[in-house]
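Q: 3D model of this:
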Amino acid sequence: MNSRNLFALFFSIVVLIQTGCNTGNKSEGEESENGVLQADTILQVPEEKRVLTEDDIVLQKDLQYDQYTLDDVYPYQDTVRRFQWEKIKQEIARLENAVADGGNWGVLNNYKNRNGEAPTIEDFVRNDYRLVSDQHGVERYQSVPLYSAKGDSTLVRYGRDGWLVKINGSDTTDFLSVTGVSMEGTYLLPRKYIISWGDSTRFHKVVAVDVTNQHVATLEKKGDAWHILSMNPATSGVHKPPHAHETPVGIFAIQEKKEKMYYLKDGTSEIAGYAPYASRFTNGAYIHGVPVQYPRKSIIEYSPSLGTTPRSHMCVRNASSHAKFVYEWATIKQSVVIVID
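A: So this is what the prediction gives:
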């Protein structure tokens, strides 16, 4: 085809499209007199949403808190410890995909059973603490009952206080349908067990806790990258019945903050002391500074036990100045705690 004929063909196509766009009296899919479909019937194929993986998450060091800073790989006793950035990026990618999906966010909530004790699940087990727990290891105490999405009143499992979900809606006034972000699956749960954060929530701040290597990092999304703001030693919870619990692995929302979190002497109602700059993320688990035991009252900045072995009661101990940094930086509705092993 010569250039003149090619131009004529192109001109005819342009005229046809312009004519088609102005035919307001034809129904969708209707043909013109010459049998050619109008331009306004051309189907727009939606672009498939790209699911992010850890390879898409860009990390950049930008230390804003520079005390007690650890290297990416560092010696510990007769071995080495390391920041597991790939695992952290996997969880951040999971979170970013959930944010990109949109929808109404919710946080499972039953701190100290304030919203009522969850019913006993069938086939429950009693764990090392002699507490009722489901087959996933989630204890009944301080948890949320998650029922079958089929609406047949079957209690499927327990949900941890602080887990993130998407609220799908409700067919009744008493129950909501939710899909897990912190866990898999869709369930029904009573409305009283959830805090709704709406559809504008965006998570830009992450506190990453590694219970295997006993350290903590803070990250904030700025532009297209996640900036690493701190890398510090920490001490997580220890599995030691009947009182001390390990820090659970998963993604949790920071729900509340206390400048002083008072704690009790084991097995009593007596206040034993306080932990400074505490940010609560699940049950009674806080990110906080070095505990202050009465009669002492002044803040303790650092403990040589930080970064060694688990020894707290589910909480994550930090240097007190780092706990203060987290306390002032981590805003509710923007911040999550990611616990990896």
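
Q: To what extent is the residue nearest to Thr53 when sequence neighbours are not counted buried, counted in neighbours?
A: Distances taken as Cβ to Cβ, 6 or more residues apart in numbering place Ala93 nearest to Thr53, at 5.5 Å, with adjacent residues excluded. For every residue, glycine as well, the C-beta is placed using N, CA and C. The local packing of Ala93 (other Cβ atoms under 10 Å) involves 17 other residues.

Q: swap in the one 10 residues further on?
A: Gly103: 16 surrounding residues under other Cβ under 10 Å.

Q: Kindly report the same for Leu63.
A: The number of residues packed near Leu63 is 13, by other Cβ under 10 Å.

Q: Go ahead and confirm it touches Ile228.
A: Yes. Between Leu63 and Ile228 there is a contact under Cβ atoms under 8 Å: 7.1 Å.

Q: low pLDDT regions in the stretch 151-300 of the chain?
A: 171-172 (pLDDT under 70).

Q: residue ranges of the strands in it, please?
A: 155-160, 164-169, 175-180, 186-190, 194-198, 205-210, 215-222, 225-233, 250-253, 256-264, 271-282, 285-288, 292-293 (DSSP state E, counting those that start in this stretch).

Q: Give me the buried stretch members for the fourth one, please.
A: Okay, so that is strand 186-190. 187-190 (16 or more other Cβ atoms under 10 Å).

Q: which other residues reach it?
A: 108, 144-149, 151, 156-157, 159, 168, 174-180 (Cβ atoms under 8 Å, 6 or more residues apart in numbering).

Q: redo that, cut-off 6 Å
A: Strand 186-190 has contacts (Cβ atoms under 6 Å, 6 or more residues apart in numbering) with 144, 146-147, 149, 175, 177-179.

Q: for the last one, same thing?
A: Contacts to strand 292-293, defined as Cβ under 6 Å, 6+ apart, come from residues 273-274, 300.

Q: one more time with 7 Å
A: Contacts to strand 292-293, defined as Cβ atoms under 7 Å, 6 or more residues apart in numbering, come from residues 272-274, 276, 299-300.

Q: likewise stretch 240-257?
A: Under Cβ under 7 Å, 6+ apart, the answer for stretch 240-257 is 91, 95, 107, 128-129, 160, 162-164, 181-182, 209, 211, 236-239, 266-267, 278-282, 285, 310, 313-314, 316, 327, 330, 332, 335-341.

Q: what about the helices in this protein?
A: In the chain, the helices defined using DSSP state H lie at 3-21, 85-101, 320-329.

Q: ok, back up a step: okay if I get the contacts of strand 186-190 as TSV plus distance to Arg82 and neighbour count?
A: Output for the contacts of strand 186-190, formatted as TSV (distance: Cβ to Cβ, whole Å; neighbours: other Cβ atoms under 10 Å):
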residue	distance to Arg82	neighbour count
Val144	35	27
Leu146	35	27
Tyr147	41	19
Ala149	40	16
Phe175	45	15
Ser177	41	19
Val178	36	29
Thr179	34	18
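
Q: Just give me the closest of those to Val73.
A: Here the nearest of the contacts of strand 186-190 to Val73, counting by Cβ to Cβ, is Thr179; it sits at 37.7 Å.

Q: so what's the closest one up against?
A: Contacts of Thr179 (Cβ under 7 Å, 6+ apart): 165-166, 168, 186.

Q: Looking at neighbours, which among these is most surrounded?
A: Among those, Val165 has the most neighbours (other Cβ under 10 Å), with 28 neighbours.
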